[in-house]
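> Kindly return the folded structure for what I paste below:
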Amino acid sequence: MTTKEKIVDEALTLFSINGFKATTVKAIADAVGIKDSSLYKHFSSKKEIFDTIVERMREKMAEMSVEIGLPDENDFLKAASKYANMSLEELQAFSRMIFLFYLKDDLISRFWRLANMEQYSDPEIYEIYRNIFMEESIAYQAKLFNEMIRQGSFSAHDPKAMAMNFYAPIFFLLSKYNGRSAEEKEALDILDRQVEEFYHLYRNKYNAS
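I've put the predicted structure just below:
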């Protein structure tokens, strides 16, 4: 790990424990084992470190999408066809992989704690968190479900309401079980039931597997 990578890693740990505003540049430098002046050779400010964390997080999410075979979010025709051909068991397994990534990934887990800590004291940080983990996710799923309705694999309902019905319980589970790895099985059991409920509620019975 390079010094720059260490700075980002230690900064995120401190941010997730003490909050962004309460964490000083000196504290970050001390955690890395360098002087303040050395840190400024890599980053011009604490805000630049935070921006790098967000960039790394988005990169990691993109890598995860490729690794587990998520369809390109710009190709809704292909994505809708992929999900339409999944059985309930396949959809549950796919949902588990995505859920476990967000639950267990160290970078995302720490950022999740930071954002929840800062939601009332630092609106800018919380807005980034809200956009990534709420607005963008709901918007993507609404477009996906709209295309699945058009293709006939889902029955006709409000796509945005469907997206909320699918994502809100998952978001709740991620919030509830963040940092509670011992209760992973419980979380997955609840997730399976949620996916099954959604599947049977919206799946077009004339096109079901």
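> Return the set of buried residues in the helix or strand bottoming out on mean pLDDT in the chain.
The weakest-scoring helix or strand in the chain, judged by mean pLDDT, DSSP states H and E, is helix 76-84 (a mean of 79). Using 16 or more other C-beta atoms under 10 Å as the test for burial, helix 76-84 gives 76, 79, 80, 83, 84. Where C-beta positions appear, they are placed from N, C-alpha and C, glycine not excepted.
> and if you look at stretch 81-96?
Buried, per 16+ other C-beta under 10 Å, within stretch 81-96: 83, 84, 86, 88, 91, 92, 94, 95, 96.
> Just the ones in helices from the residues you listed, please.
In helices, defined here by DSSP state H, the members of those are 83, 84, 88, 91, 92, 94, 95, 96.
> Tell me the one of those nearest residue 164?
residue 95 (16.1 Å; C-beta to C-beta).
> CA-only coordinates of stretch 34-42 in PDB, if you can.
Coordinates of each C-alpha in stretch 34-42 appear next as PDB, following Å, rounded to 0.1, in the frame of the first residue of the first chain:
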ATOM      1  CA  ILE A  34       4.000  10.800   8.700                       C
ATOM      2  CA  LYS A  35       4.300  14.500   9.400                       C
ATOM      3  CA  ASP A  36       1.500  17.000   8.500                       C
ATOM      4  CA  SER A  37       3.800  18.500   5.800                       C
ATOM      5  CA  SER A  38       4.300  15.100   4.200                       C
ATOM      6  CA  LEU A  39       0.600  14.500   4.000                       C
ATOM      7  CA  TYR A  40       0.200  17.800   2.100                       C
ATOM      8  CA  LYS A  41       2.500  16.500  -0.600                       C
ATOM      9  CA  HIS A  42      -0.300  14.000  -1.500                       C
END
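> can you tell me which residues contact the nearest residue to residue 38 once chain neighbours are set aside?
Nearest residue to residue 38, sequence neighbours excluded (C-beta to C-beta, 6 or more residues apart in numbering): residue 29, at 7.0 Å. Residue 29 makes contact with 35, 36, 38, 39 under the criterion C-beta atoms under 8 Å, 6 or more residues apart in numbering.
> immediately after the helix or strand hosting residue 29, which helix or strand?
According to DSSP states H and E, residue 29 maps onto helix 25-32. Next helix or strand after helix 25-32 toward the C-terminus (DSSP H and E): helix 36-39.
> Pass me the low-pLDDT residue ranges in the protein, would you?
Within the chain, the ranges that satisfy pLDDT under 70 run 70-74, 205-209.
> Counting residues, name the longest helix you see in the chain.
From DSSP H, the single longest helix across the chain is helix 46-68.
> packing partners for that one?
With contacts defined as 3 or more C-beta pairs under 8 Å, 6 or more residues apart in numbering; DSSP states H and E, helix 46-68 has these neighbours: helix 3-18, helix 25-32, helix 88-104, helix 106-118.
> Redo those as TSV? Include distance to residue 194.
Converted to TSV, the helices and strands packed on helix 46-68 look like this (distance: least, C-beta to C-beta, whole Å):
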stretch	distance to residue 194
helix 3-18	27
helix 25-32	39
helix 88-104	8
helix 106-118	19
